[in-house]
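Peer 1: Structure, please.
(2 chains)
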Number of protein chains: 2
Amino acid sequence: MASENGIVRIAVDAMGGDNAPSEVVRGAVQFASTGQGYVLLVGEPETLQSELAQYDVSSLPIRVIPSEGVIREGEQPALALRQKPKASVLVSTGMVKRGMADACVTMGSTGAAMAAAAVILGLAKGVERPALGGPVVGVAPQTCILDLGTNVDCRPRQLLSFGAIGDVFARSFWGNDNPRVALLSVGAEAGKGNRQVRETTEMFEQSGLNFIGNVEADDIPKGAAEVVVCDGFVGNIVMKLTEGLGQQLNARLRESLSGKIPESELDALLDEFYSTSNVVETRGGGPLFGVNGVSVVGHGSARADAVERAIGMAKSAVETEFIPQMNRQLEELDSRLSE
Amino acid sequence: MASENGIVRIAVDAMGGDNAPSEVVRGAVQFASTGQGYVLLVGEPETLQSELAQYDVSSLPIRVIPSEGVIREGEQPALALRQKPKASVLVSTGMVKRGMADACVTMGSTGAAMAAAAVILGLAKGVERPALGGPVVGVAPQTCILDLGTNVDCRPRQLLSFGAIGDVFARSFWGNDNPRVALLSVGAEAGKGNRQVRETTEMFEQSGLNFIGNVEADDIPKGAAEVVVCDGFVGNIVMKLTEGLGQQLNARLRESLSGKIPESELDALLDEFYSTSNVVETRGGGPLFGVNGVSVVGHGSARADAVERAIGMAKSAVETEFIPQMNRQLEELDSRLSE
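Peer 2: This next block holds a predicted model:
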């Protein structure tokens, strides 16, 4: 399991998620079949072997790593971590820590993945809790919004960390060499906003980031910035409202267009339309922000294709050196602020 | 100008708004033509007379009330109020205070309308600043969201006032006799949310309102509650994101469907689709919340039809006794909380 000629090794929690293990195993097999990396499938050995028996995996870069138990959505993460020390998400994360894998991926409980990452991999400089972020508004596929829900009450310093992490995300994943970083507020003018935004603005101005000031929520769908910073309460509302509106508008559209264009065209249009409002489901997943290692969390309802994309996301994070870049950026930020 | 046989008298600020005075006058004439109420058109007399000369208004219930100056969008409201004591919005609001009109309507600066209402009409019990609210998510036409931007930092007591006002709004305008009141949060379970939501929950539970707990943002488009309470920072983001997504999705849709269905059908579909995301522009306007009189603020870009609807909204507010009901509700709330 040592690093083999630069081949990326990814530990996949095969037991987490609504459709585990079958869809997770299928997605992992799909990924392994592309020859893009080595898959370490973590879970109950017998279960996984019988799932794998459905495929011809004899020549594929995939093997099973035993674990015991799984932490379900809704379990209290800190408690579950203690009660199930060999749970799949803990074993996967531990492999990254011990250098046996370059990244880990789970479709299981986000809370458990975060707790595991924070405890096992540790937090980056200046970060208090792992954060979640990414392009959740589909019409703006290169706008990373963070935090999306973990950090509901934030101090200015935390928001600044999010800005720095988002900057590295845009550089690493989109190859953007000067990402625009903005604060989400209720007015574009400096000084507009709530107390939190007003207190944070000056710090952003001195951060060395390409800070363009405030954006309003209707600027997000226009792609007005590559990085939109907000606390997790607001970010979660942006993400969920986008999803909810997409679903309702989709239903309206189906009603209005039914019978007016051929059924197959309508389905294709609605699929495309749906995906613009629901990247959470379609893009596969994203890396946890602010932890010292690549841990990708996918959507609980992911099926094989989404699992494959999440594993691909983990591979990209490793290859673009997302974590070392992020750590460097956060350290620079820290020294700039303490000058 | 005394109240004539129960005919509602509405003072319309003819000078405020992007398309004033021409579109405002046209909308006022349209309203007066329906015979639904008496319009008092406030503005520069000569300008208004020459606008009115385009219509046959001799037999219409409409007359001009002189004012001097107008407060523009972007002017600092408190300062402008002092500098222009005879500005149209001040004269219109003053007519309500002096009993010469039953309601006032403006398409001009929201800040100026609020300042005028707060200073001249006064604030309701327990209210610190006027609030804005209404059904801004078009797919949920009977969900009143408040505050929408005036009160960016809120204490629990303010949020509770919003809940009580929203309750009266839903009763008055939608005839709902038991509106469901919810707090916007990031998790449906009690205890989920930021500090603000957690501190507010208990107060809501004791409020006597039909409090159904937390809703998440994707519940809004489903119409999960008649009243969704949040601070103005969050509410403004919900409103603007809805608007911005509607615009972008509309553009996508035009592109995807162009050539596939007849142009006229496409236009109708897109108009309908657009209106579901942009009620701010299409519904005309809404009454200021928490002030002791009916003051309706419409969208700055309103054209005649939207002006007519805004005046109609003012008439409804008067006829359903929105203000006395609201005051009664806020006083009950106050006495229940101090028990």
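Peer 1: How about the secondary structure of the most centrally placed residue in chain A?
Peer 2: Centroid-nearest residue in chain A, with CA atoms, centre = their mean: A:Gly286, separated by 1.8 Å. At A:Gly286 the chain is in strand, as set by DSSP: H, G, I helix; E, B strand; the rest coil.
Peer 1: and it, what is it in contact with?
Peer 2: With contacts defined as CB atoms under 8 Å, 6 or more residues apart in numbering or on different chains, A:Gly286 is in contact with A:Leu132, A:Gly133, A:Gly134, A:Val296, A:Val297, A:Met313. Placement of C-beta: from N, CA and C, glycine included.
Peer 1: which of those residues are close to chain B?
Peer 2: The subset of those within reach of chain B, by CB under 8 Å from any CB of the partner chain, is empty.
Peer 1: So which of those belong to strands?
Peer 2: When DSSP state E defines the strands, the subset of the contacts of A:Gly286 inside them is A:Gly133, A:Gly134, A:Val296, A:Val297.
Peer 1: Now for those: which two are most distant?
Peer 2: Maximum pairwise distance among the ones in strands among the contacts of A:Gly286 (CB to CB): 12.7 Å, between A:Gly133 and A:Val296.
Peer 1: How about whichever helix or strand A:Lys315 is part of, which residues are buried there?
Peer 2: A:Lys315 is part of helix A:304-319, with elements assigned from DSSP states H and E. Across helix A:304-319, burial judged by 16 or more other CB atoms under 10 Å in any protein chain shown covers A:304, A:306-318.
Peer 1: List just the nearest of these to chain B.
Peer 2: Lowest distance from chain B to these (CB to the nearest CB) belongs to A:Ala306, with 19.0 Å.
Peer 1: Hmm, that closest one is touching A:Gly298, no?
Peer 2: Yes. At 6.2 Å, A:Ala306 counts as touching A:Gly298 under the criterion of CB atoms under 8 Å.
Peer 1: and the helix or strand hosting A:Arg198, what does it pack onto?
Peer 2: Element membership of A:Arg198, judged by DSSP H and E, is helix A:195-205. Counting contacts by 3 or more CB pairs under 8 Å, 6 or more residues apart in numbering or on different chains; DSSP states H and E, helix A:195-205 packs against helix A:156-174, strand A:181-184, strand A:211-215.
Peer 1: Kindly recompute the last result at 10 Å.
Peer 2: Applying 3 or more CB pairs under 10 Å, 6 or more residues apart in numbering or on different chains; DSSP states H and E, one finds that helix A:195-205 makes contact with helix A:156-174, strand A:181-184, strand A:211-215, strand A:227-229, helix B:232-257.
Peer 1: Now do the fourth one: distance to the chain's middle.
Peer 2: How far strand A:227-229 lies from its chain's middle: 15 Å, per CA atoms, centre = their mean, to the nearest Å.
Peer 1: try the third one
Peer 2: Using CA atoms, centre = their mean, the distance from the centre of strand A:211-215 to the centre of the chain it belongs to is 24 Å.
Peer 1: Find the least confident helix or strand in chain A, judged by mean pLDDT.
Peer 2: helix A:279-282 (a mean of 64; mean pLDDT, DSSP states H and E).
Peer 1: what about the strands in the stretch 51-200 of chain A?
Peer 2: Per DSSP state E, counting those that start in this stretch, the stretch 51-200 of chain A carries strands over the ranges A:62-66, A:103-106, A:133-134, A:144-146, A:181-184.
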